[in-house]
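Student: only geometry, no sequence info:
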């Protein structure tokens, strides 16, 4: 055991241990041996630091090589298992996509988008019919015929939209 030597100030303790005075003040606040009648016991502070502080690269104890090897092996195993799960999940996705193609299936969102597009196109085409029909009639009934035709088309379109509003319900049937 090293012989104790005492310093009168925190600055002299810091210089003896080769750290900044704020570091020594921090250790004292954490429980390092404090000032005595003889001053600060530098060797006692060094021992306290070895037992309680592991902040500098040189302060760490030698790693237990067997424990390190076990941890590394476990980490490699965990990584391999994760990779295996990833490959398995990717295979399941490919299997599902192949089944989807084989059964001529598609995602419900794709069906909903297609139906929406078809209905929009239908509505635009039907909207032109009243004006085209009314064009062949006398001007005095043309306006009335066009309005009646437009109203009937709108009623039928609302009925179709209502029937198709939840394409997702097809899954439940």
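Tutor: Cool, got the structure. This is a predicted model, so every value here is computed, not measured. Numbering: from 1, shown residues only.

Student: CA only for contacts and neighbour counts going forward, please
Tutor: Will do.

Student: In the protein, where is pLDDT below threshold?
Tutor: Across the chain, the ranges flagged by pLDDT under 70 are 1-3, 54-66, 166-173.

Student: show me where it has strands.
Tutor: For the chain, the strands defined by DSSP state E occupy 6-7, 40-41.

Student: so of those, which one's packed in deepest?
Tutor: Ranked by mean neighbour count, the strands of the chain are led by strand 40-41 with a mean of 20 (mean count of other CA atoms under 10 Å).

Student: Report all helices and strands that it contacts.
Tutor: Here strand 40-41 touches strand 6-7, going by 3 or more CA pairs under 8 Å, 6 or more residues apart in numbering; DSSP states H and E.

Student: mind giving me TSV with the strands of the chain and columns for distance to residue 29?
Tutor: Listed next are the strands of the chain as TSV, based on distance: least, CA to CA, whole Å:
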stretch	distance to residue 29
strand 6-7	18
strand 40-41	14
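
Student: for this structure, what's the longest helix?
Tutor: helix 65-102 (DSSP state H).

Student: And that helix, how far out from the chain middle?
Tutor: Relative to its chain's centre, helix 65-102 lies at 19 Å (CA atoms, centre = their mean, to the nearest Å).
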